[in-house]
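# Give me the fold of what follows.
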Amino acid sequence: MDAAEVQALFTRADGQYLCARWGRPIVPVVFGVDDATLSVVKGAIEAVVALAGHKMAETDPELGANLMVFFFRDWSELPEVPNLDRLIPDLAPLCDRLQGAGANQYRIFRFDEAGAIRAAFVFVRMDSDLQSVPAETLALSQAVQVILLWSDTAFLGASPLARAGETVILRPEIGDVIRAAYDPVMPAVARDASHALRLAARTGRTTQA
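From the prediction side, this is the model:
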């Protein structure tokens, strides 16, 4: 993955470059799954956080939990979750739009004053497509997509995961980018595309496309 490919991962559909990482330890809570799946989801989050060299914690002093992951069957279920509309303004209209679009997942990020991620909400509607995906694969995919603020088009053409024999793993080049983005000398948030050159340099791949 060269610098141009790294840049594409953080260049949004409107042409804006924006890369942000978490500015605080991650405290996840997962809703709508049984105990076995809960351990799979939290294990995937822990693995990606460890890959990044970031930290997890037992509680967030401001929010309690700052990464909330919801699994459900229908978008109409979300507005019925107590107090969720206090965390997600205009929740009901949002769910109506997602229902109309046939979406099966959606992520919302919140940022601190510096622009780093301070909270994220992950919504996964278990439609027929996602029900056929192994829990480990689905959990890893969600963990990867929430560890950084990727472009809204970053993984439309190719998944961040790959198959290695019978196992699904994180694509090594995506892992390289995650580690580079969490390098302590790198900024927590970047809005200039030159940031992609610095990321690529830290992955050992600086060739321009």
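
# got the contact list for the spatially most central residue of the chain?
Nearest to the mean C-alpha position of the chain, counting by Cα atoms, centre = their mean, stands residue 146 at 1.4 Å. Counting by Cβ atoms under 8 Å, 6 or more residues apart in numbering, residue 146 touches 67, 107, 120, 122. For every residue, glycine as well, the C-beta is placed using N, CA and C.

# per-residue confidence at it?
We have a pLDDT of 97 for residue 146.

# Check residue 205 too.
Reported pLDDT for residue 205: 51.

# returning to that earlier point: flag every buried residue along whichever strand or helix holds the residue nearest to the centre of the chain.
Element membership of residue 146, judged by DSSP states H and E, is helix 135-147. Neighbour counts over helix 135-147 (16 or more other Cβ atoms under 10 Å) mark 135, 137, 138, 139, 140, 141, 142, 143, 144, 145, 146, 147 as buried.

# Please report the distance of the residue lying closest to the fifth one once chain neighbours are set aside from residue 141.
Residue nearest to residue 140 in three dimensions, not counting chain neighbours: residue 44, with 4.6 Å by Cβ to Cβ, 6 or more residues apart in numbering. Counting by Cβ to Cβ, to the nearest Å, the gap from residue 44 to residue 141 is 8 Å.

# Domain map for this structure?
1-19+153-209, 22-133 (automatic domain parsing).

# would you list those domains in CSV and tack on mean neighbour count?
Shown next, in CSV, are the domains of the chain (neighbours: other Cβ atoms under 10 Å):
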stretch, mean neighbour count
domain 1-19+153-209, 16
domain 22-133, 16
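
# give me the low-pLDDT residue ranges for the protein?
Low-confidence segments of the chain (pLDDT under 70): 205-209.

# 90 instead, please
1, 62-63, 83, 86-87, 89, 129, 156-158, 163-167, 203-209 (pLDDT under 90).

# Show me where the chain has its helices.
Using DSSP state H, the helices of the chain run over 3-9, 35-52, 84-87, 91-101, 128-131, 135-147, 172-181, 194-203.
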